[in-house]
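K.L.:
With the sequence up front, the predicted model follows.
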Amino acid sequence: MSMGDCGALVKERKFSEPMVIIRDLHRHYRLGNVVVRALNGINLTIYTGEFFAICGSSGSGKSTLLYLMGGMDRPTRGELIVAGQNLARQDENQLAEFRCRRIGFIYQNFHLIPSLTAWQNVEIPMIFNHLPRSARRQIAMQRLQEVGLLERSHHRPNQLSGGQQQRVAIARALVNQPALLLADEPTGNLDNSTGKEVVALLKNLVSINQVTVVMVTHDMNLVEQADRFVRLQDGRIVESN
Amino acid sequence: MSILDLIYLVRGNLWRRKTRVLMTLGGVLIGSTTIILLVALGLGMQKNMTESIGKIGDLTTMTVQVPPECTLPPQQRPQQCKNAILNDGLIEKIRKTPQVRGVAAQVFLKGSPTYLRFQNMETNVVVMGVEPALLPSLGYPLGRGELKISANQVVVGPKVAEYMFDLRKNQPVTPDLDLLGAWVDLNIQRTSNREEADRLVQNEVRRLRVQVAGVLAETGGQSDYVIYYPINEVERWNRWLMGRPIRREVDGYDQIVVKMADTRSSASLDAALTSAGYSISTARKIIEQFNRFFMSLQLMLGGIGGVALLISAFGIGNTMIMAIYERTREIGLLKSLGAKNGDIFKLFLAEAAVLGLLGGILGAGLAVGLGELANHSPSNWFSQFNGLMSPTGTGIGGMVEVAILVIPEWLVIFAIAFTTLTGALAGIYPALRAASMQPLDALRHE
């Protein structure tokens, strides 16, 4: 399976409410004296409840697109509406609020805080969402149970396997009941079978929780499981279905 | 993010970098201990000094004198001295002031030195002419004997004969004498210039034989060491000592002692007499002067401690900047999870402040411990120092347990608050840097 080859997988569109609306989106930045056009006119609509994949070779702009949708970065120009909010017009605090309530992130290298236990890692987004302490612990435990790690709730990340760490990260991403789950190579650091397990879990959870998922991946197996996908090259969509 | 959440997160963050946190705390601890001990030393000195001065005179007793330039011979005195005379008119005026409990004129016996001779022992004394019956109203109550005395009788302070010189053994002694009823000799001496004689300078000595009719109660002040003699007798001998008649209306009394009901009325009479051209000395004034001195001393000592704390502030700043470099990705992560810039700022500022707070608490504990040690070990150098500090020179090292380090609660609270504030100030720049990081750049930081 070659990198960036997403295959032509056509699936029936079952959903109609748009979750992400992108019109002529550009993201340019300077690297020394060179202007890098990471995104160069993207048009894309992603619908509520979709399991959506973005693929492309490294440097194609797929991660840039993902983090723009998550309000972690700002577009140079163009329209970017996510969960009903125009992200191009929000200040830093509004974006933080947006990330807190609307977005869940899952990363390739998990990004768990090593000094905190599993449940404390899951707890963090709720702190920023102003939940009371008693509720936080209860919800964190519930989420860990959903990912099958309740008995590991008091272990630190270095006492957990890669698959378990990613499951903790999934619990953390879902804990504030986001509308959109953004996954950056979620299986990139996992072996094949673990990756499959994690994706199965993810699919199961998002269907239960009615969450839209956008993920960036090289992994053909993942792309095959997506409802739809786009392929990026040099900051443009070169393939979609 | 609530305070509790902040504490919760900060605790975890500090706990995982134990070694570095402990080293940073060490710096703050030294700073806080230094500040507390130095200020406590200043406070201890001030306390000892104030207590000693408090013994010299009651805070409500004031002594009225004329300014030094007004004691010159009449023709050399400045103009303004004409109005500032310590005469009976002034005494009457003071007596009519509200809140005055007692007032009395005093004249010193001018024959200096005056020696008290008893048996084979001698000591030099201050002889003061006063109306002895007025002494209790000035705050010097009678201990034993009588205050109504005749021309050849005296009332003495209880410690007049505390230190004497034994002429036979030729050495100083501290006899435990009861002089009440005893006859003692007062030797006065005048030096006169006689140009017609061969010798230009001639010393004449007179021996006044007097009986001790009363002994004052011990007050711990000046009066313990004074011999009180009827004012008429003192004036008679002063005429002989100075070789000229004394004109009371021009020369006035040497001083007027006033005893007030309280310190407030004492302060207002003080102000009135000062503006009338008199010179007032009170124990309160001396204490105020010393307080001014000790205030600047403490600012200096506190400043030295402040330098130590300043150094530790750089330690805190350094620790925090290191932490931010190490935790750049974590900052990015926290922002992706919904942390606002303000949350990140508070988090790092609180970490720095907690470093200051913990260091301050540890330092305060150490300072209090050292203070206890210094104040309760009688044979150490602190007590020796204490003996030297005693202004009357009577403190004997190791025998009197006086607190050399005074650590009041406010000092401990102030020091802890100050180290916390210092920590927070040192954390502002690192916290601002952390807060202003771009979330995506921070998250991708290698």
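P.N.:
All right, it came through fine.
K.L.:
Could you use CA atoms for every contact and neighbour count after this?
P.N.:
Fine.
K.L.:
In three-state terms, how would the residue of the stretch 101-250 of chain B found nearest chain A be classified?
P.N.:
Relative to chain A, the nearest point of the stretch 101-250 of chain B is B:Gly220 (64.7 Å; CA to the nearest CA). Secondary structure for B:Gly220, judged by DSSP: H, G, I helix; E, B strand; the rest coil, is coil.
K.L.:
Can you give me the neighbour number for it?
P.N.:
By other CA atoms under 10 Å in any protein chain shown, 17 other residues sit near B:Gly220.
K.L.:
again with A:Pro132
P.N.:
The number of residues near A:Pro132, taken as other CA under 10 Å, comes to 12.
K.L.:
what number of residues lie near B:Glu146?
P.N.:
The number of residues packed near B:Glu146 is 17, by other CA under 10 Å.
K.L.:
Now the phi/psi pair for it, please.
P.N.:
phi -130, psi 160 (degrees, to the nearest 10).
K.L.:
what are the ranges of the strands in the chain?
P.N.:
Assuming you mean chain A. A:18-31, A:34-47, A:51-56, A:77-82, A:85-86, A:103-106, A:180-184, A:212-216, A:228-233, A:236-240 (DSSP state E).
K.L.:
try again with chain B
P.N.:
Counting by DSSP E, the strands of chain B are B:61-65, B:100-108, B:114-118, B:121-130, B:142-145, B:153-156, B:164-166, B:171-173, B:183-193, B:201-216, B:226-230, B:255-260, B:279-282.
K.L.:
Take the strands of chain A and lay them out in TSV including distance to B:Asn318 and mean neighbour count.
P.N.:
Listed next are these as TSV, based on distance: least, CA to CA, whole Å; neighbours: other CA atoms under 10 Å in any protein chain shown:
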stretch	distance to B:Asn318	mean neighbour count
strand A:18-31	30	17
strand A:34-47	35	17
strand A:51-56	42	26
strand A:77-82	40	20
strand A:85-86	40	14
strand A:103-106	32	27
strand A:180-184	34	25
strand A:212-216	39	25
strand A:228-233	44	23
strand A:236-240	45	18
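K.L.:
ok, now which ones touch the residue in the stretch 301-446 of chain B positioned nearest to chain A?
P.N.:
Nearest residue of the stretch 301-446 of chain B to chain A: B:Gly338, at 3.8 Å (CA to the nearest CA). Applying CA atoms under 8 Å, 6 or more residues apart in numbering or on different chains to B:Gly338 gives the contacts A:Ala96, A:Glu97, A:Phe98, A:Arg99, A:Cys100, A:Arg101, A:Pro125, A:Phe128, A:Asn129.
K.L.:
now, among these, which is nearest to A:Asn158?
P.N.:
A:Pro125 (20.7 Å; CA to CA).
K.L.:
Scan chain A for its longest helix.
P.N.:
Ranked by residue count under DSSP state H, the longest helix found in chain A is helix A:192-209.
K.L.:
hang on, the earlier thing: how about the residue of the stretch 301-446 of chain B closest to chain A, nearest residue that isn't a chain neighbour?
P.N.:
The shortest distance from B:Gly338 to any non-neighbouring residue, by CA to CA, 6 or more residues apart in numbering or on different chains, is to A:Cys100 (3.8 Å).
K.L.:
Tell me the pLDDT of that neighbour.
P.N.:
Predicted confidence (pLDDT) for A:Cys100: 94.
K.L.:
again with B:Gly393
P.N.:
B:Gly393 carries a pLDDT value of 37.
K.L.:
Tell me how many other residues crowd residue 96.
P.N.:
Went with chain A since none was named. Neighbour tally, A:Ala96, other CA under 10 Å: 26.
K.L.:
Chain B, not that one
P.N.:
By the other CA under 10 Å criterion, the neighbourhood of B:Lys96 contains 10 residues.
K.L.:
now do B:Lys285
P.N.:
Counted with other CA under 10 Å, residues neighbouring B:Lys285 total 15.
K.L.:
Likewise for A:Ala88?
P.N.:
18.
K.L.:
how about it, what does it touch?
P.N.:
For A:Ala88, the contacting residues are A:Arg74, A:Pro75, A:Arg77, A:Gly78, A:Glu79, A:Leu80, by CA under 8 Å, 6+ apart.
K.L.:
and the residue lying closest to A:Arg143 once chain neighbours are set aside, how many neighbours?
P.N.:
Nearest non-adjacent residue to A:Arg143, counting by CA to CA, 6+ apart: A:Ala171, 5.4 Å away. A count of nearby residues for A:Ala171, using other CA under 10 Å, gives 31.
K.L.:
If anything else comes up later, I'll come back, but that's it for now.
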